[in-house]
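Novice: next come a sequence and a model predicted from it.
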Amino acid sequence: MQKLFFTLFVCLLVYNSNAQTKYPDSLKEILSHTTKPIDRFDLLNKMIDYNDATQGNLQDTSIGLQMHRIAQQLKNDSLLAISTNVLGNYFRGKGDMPTALDYFFKAIPLAEKAKDKRRISSLYFDIAECYWNLQNFDECYKYAKIGEQNLPGKGSPMYDFMATQFHRTMGNYYLKKNIPDSALMQVHELEEENTRLKKPNYFLYTFIQSGTAYSQLDENDLAEVYFKKAHALSDSIGTPLFIVVFNHSYIPYLLTTNQFEKARDQSIQLLNLGNRIDNNVWKLNAAGFLSQAYNKLHQIDSAFYYLSMQSSLKDSVFNQNNLNKIQSLAFNEQIRKIDEEAKQAIAKEQRKQNIQFALIALGIIIFITLFLIFSRSVVANERWISFFAILGLLIIFEFINLLIHPWLARVTQESPVLMLLALVLIAALLIPMHHKLEHWIKGKMIEKNKAIRLAAAKKTIEKLEKK
């Protein structure tokens, strides 16, 4: 029954892929008749999303450049973050990790300024993937966890899409650290989220990671079942990235289970894909696998040839200049984060002081007003009361503004128009209250002033009567 279900799933996937072949052509047709910049950006972004789903970040760089040009033209931080992310993905797909990281780190402050959590988490997951390719697994873990902290809320329609990326990355991390039980927990989370998304590539990741985890647990029968499912699914999807993803996990399994000829054939496929895309990371891994496979097959010349290729490619991918550049980028990002945290701390302290000053000023005005109202000897002038009433109103308004400003900025995404409308609404609520309070105070003062004047008149009459 399970085999029948899987066969039907693959057939449905093939049918859908055939039905969608006309989709990019339709987008290009619509794009040719679209002139409005924001609409062109959205169409280009849809083309990127389609390519990402079918080609796996093997993007046409001209699309990313068009998007970046439009984003700069519109001076929109959110669009700039998206286009910079797209350009970074292009270089990651080509195996140029330092340049990819450069774009990703540049995009983070733009996404933060736009308060786009979907984009912020995506950038950190992309950075984690770069470090994964560079075999720096601790940095991969660190940035994946930062991405998790910036996930959209669970009510967001983008939550599952971003959460699957986190659990996929963490599953890979635990497998690399040889902690299969933790990896299987991540696979379970990935499966649950993908029941709602129904993305073929994430079905593929669950099969691959399950196969690798059961292999590490020495349950090779189960591992074989999952790898067969993954092999069939990667072939049916047919895109280079997902074939590569499958091979990166399947080849080590074949080597550990003494299936050396299969390992050689899959490694040759991986090397051909690396040459086709000109991705040095893929070629490096393929050369390493081929060297091991030929060594096990006792073909020493071929093993030495691919060992030499691996050494040469390793110098290209991990040369000191690249490593220095990557360390510099990470250091600059840490400095930026520290500076940003310092600015936020200063702004928070300044806002706290402003609120205290507003409360002090309001307290003084309330004290003076009450003194004028309840003093039994001072005749208060209505002009002074009107002055203090207006001043008090302004201070109350400023106090409320200081108090709610962070929340208001977050809700309105710092839109000047929306913030102005919100403040006008607050003022509209305060003004009637102010008028009622002022009317009450003036009424009290008139009564008090009459009483004071009447008492003074009585004293004067009594003095005149005595004389």
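Specialist: Yep, that arrived.

Novice: quick one: the helices in the stretch 201-350 of the chain?
Specialist: Along the stretch 201-350 of the chain, counting by DSSP state H, counting those that start in this stretch, helices occupy 220-237, 240-256, 260-277, 280-296, 300-317, 320-374.

Novice: quick check: which of those helices is buried the most?
Specialist: Comparing the helices of the stretch 201-350 of the chain by mean neighbour count (mean count of other CB atoms under 10 Å), helix 280-296 comes out on top with a mean of 23. Any C-beta I mention is one placed from the backbone N, CA and C, and that applies to glycine too.

Novice: other residues contacting that one?
Specialist: Defining contact as CB atoms under 8 Å, 6 or more residues apart in numbering, one finds that helix 280-296 is touched by 95, 97, 133, 244, 248, 251-252, 255, 258, 260-261, 263-264, 266-268, 270-271, 273-275, 300, 302-304, 306-307, 309-310, 313-314, 316-317.

Novice: if you set the cut-off to 6 Å instead, what comes out?
Specialist: With contact meaning CB atoms under 6 Å, 6 or more residues apart in numbering, helix 280-296 is reached by 95, 133, 244, 251, 255, 260, 263-264, 267, 270-271, 274, 302-303, 306-307, 309-310, 313, 316-317.

Novice: thinking again about what came up before, which one of the helices of the stretch 201-350 of the chain lies nearest to residue 184?
Specialist: Of all those, helix 220-237 sits nearest to residue 184, with 10.9 Å by CB to CB.

Novice: now the angle from the closest one to helix 240-256?
Specialist: Put simply, helix 220-237 runs at 160 degrees to helix 240-256, going by axes from the mean of the first three to the mean of the last three CA atoms, to 10 degrees.

Novice: what is the orientation angle of helix 220-237 with helix 260-277?
Specialist: Orientation check (the same axes, to 10 degrees): helix 220-237 against helix 260-277 gives 30 degrees.

Novice: what average pLDDT does helix 220-237 get?
Specialist: If you average the pLDDT over helix 220-237, you get 92.

Novice: mean pLDDT for the helices of the stretch 201-350 of the chain: which is lowest?
Specialist: Across these, the lowest-scoring stretch is helix 320-374, with a mean of 65.

Novice: ok, for residue 139, nearest residue in space, not its chain neighbours?
Specialist: Counting by CB to CB, 6 or more residues apart in numbering, residue 139 lies nearest to residue 131, which is 4.1 Å off, once chain neighbours are set aside.

Novice: got a list of what residue 316 touches?
Specialist: Contacts of residue 316 by CB under 6 Å, 6+ apart are residue 280.

Novice: actually, residue 422.
Specialist: residue 408.

Novice: tell me which element it is part of?
Specialist: helix 416-466 (DSSP states H and E).

Novice: and residue 171, how far from residue 418?
Specialist: 41 Å (CB to CB, to the nearest Å).

Novice: my bad, residue 314
Specialist: 54 Å.

Novice: now do residue 103
Specialist: Residue 103 is 31 Å from residue 418, by CB to CB.

Novice: among those two, which residue is more densely surrounded?
Specialist: Comparing residue 103 with residue 418 by other CB atoms under 10 Å, the one with more neighbours is residue 103, at 23 against 14.

Novice: please identify which helix or strand holds the residue lying closest to the more buried one once chain neighbours are set aside.
Specialist: Distance criterion CB to CB, 6+ apart; nearest residue to residue 103, sequence neighbours excluded, is residue 88 at 3.3 Å. Per DSSP H and E, residue 88 falls inside helix 77-93.

Novice: quick one: mean pLDDT for that helix?
Specialist: Mean predicted lDDT for helix 77-93 stands at 89.

Novice: output that helix as CSV, restricted to C-alpha atoms.
Specialist: Output of helix 77-93 as CSV, limited to C-alpha atoms (Å, rounded to 0.1, in the frame of the first residue of the first chain):
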residue,chain,number,x,y,z
ASP,A,77,14.2,49.1,1.9
SER,A,78,11.9,46.0,1.8
LEU,A,79,12.4,45.6,-2.0
LEU,A,80,16.2,46.3,-1.7
ALA,A,81,16.4,43.5,1.0
ILE,A,82,14.6,41.1,-1.4
SER,A,83,16.8,41.9,-4.4
THR,A,84,20.0,41.8,-2.5
ASN,A,85,18.9,38.4,-1.1
VAL,A,86,18.3,37.2,-4.7
LEU,A,87,21.8,38.3,-5.8
GLY,A,88,23.3,36.5,-2.8
ASN,A,89,21.4,33.4,-3.8
TYR,A,90,22.8,33.6,-7.3
PHE,A,91,26.4,33.5,-6.1
ARG,A,92,25.6,30.8,-3.5
GLY,A,93,24.3,28.7,-6.4
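
Novice: for the next helix or strand after it, which helices and strands make contact with it?
Specialist: Using DSSP H and E, the next helix or strand after helix 77-93 towards the C-terminus is helix 97-113. With contacts taken as 3 or more CB pairs under 6 Å, 6 or more residues apart in numbering; DSSP states H and E, helix 97-113 sits against helix 77-93, helix 117-133, helix 320-374.

Novice: got the domain ranges for this structure?
Specialist: 30-116, 344-466 (automatic domain parsing).

Novice: quick one: end-to-end distance for the longest one.
Specialist: Counting by CA to CA, to the nearest Å, the length from the leading to the trailing residue of domain 344-466 is 74 Å.

Novice: start the count at 249 instead of 1 going forward.
Specialist: Understood, numbering begins at 249; the last thing we discussed is domain 592-714.

Novice: how about low-confidence regions in the stretch 249-398 of the chain?
Specialist: Where the stretch 249-398 of the chain drops to pLDDT under 70, the residues are 249-272, 300-308.

Novice: for residue 291, give me its contacts.
Specialist: Going by CB under 6 Å, 6+ apart, the list of residues near residue 291 reads 275, 279.

Novice: pull up the per-residue confidence for residue 460.
Specialist: Reported pLDDT for residue 460: 96.

Novice: how about stretch 488-505 as CSV, C-alpha atoms only?
Specialist: Extracted as CSV, the C-alpha positions of stretch 488-505 are listed here (Å, rounded to 0.1, in the frame of the first residue of the first chain):
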residue,chain,number,x,y,z
PRO,A,488,20.2,19.9,-10.5
LEU,A,489,20.1,21.2,-7.0
PHE,A,490,17.9,18.4,-5.6
ILE,A,491,19.9,15.7,-7.4
VAL,A,492,23.0,17.2,-5.8
VAL,A,493,21.4,17.3,-2.4
PHE,A,494,20.4,13.6,-2.7
ASN,A,495,23.9,12.6,-3.9
HIS,A,496,25.7,14.4,-1.0
SER,A,497,23.9,12.1,1.4
TYR,A,498,23.5,9.0,-0.7
ILE,A,499,27.1,8.6,-1.7
PRO,A,500,28.5,8.4,1.8
TYR,A,501,25.9,5.8,2.6
LEU,A,502,26.9,3.8,-0.4
LEU,A,503,30.6,4.0,0.6
THR,A,504,29.9,2.9,4.2
THR,A,505,27.7,-0.1,2.9
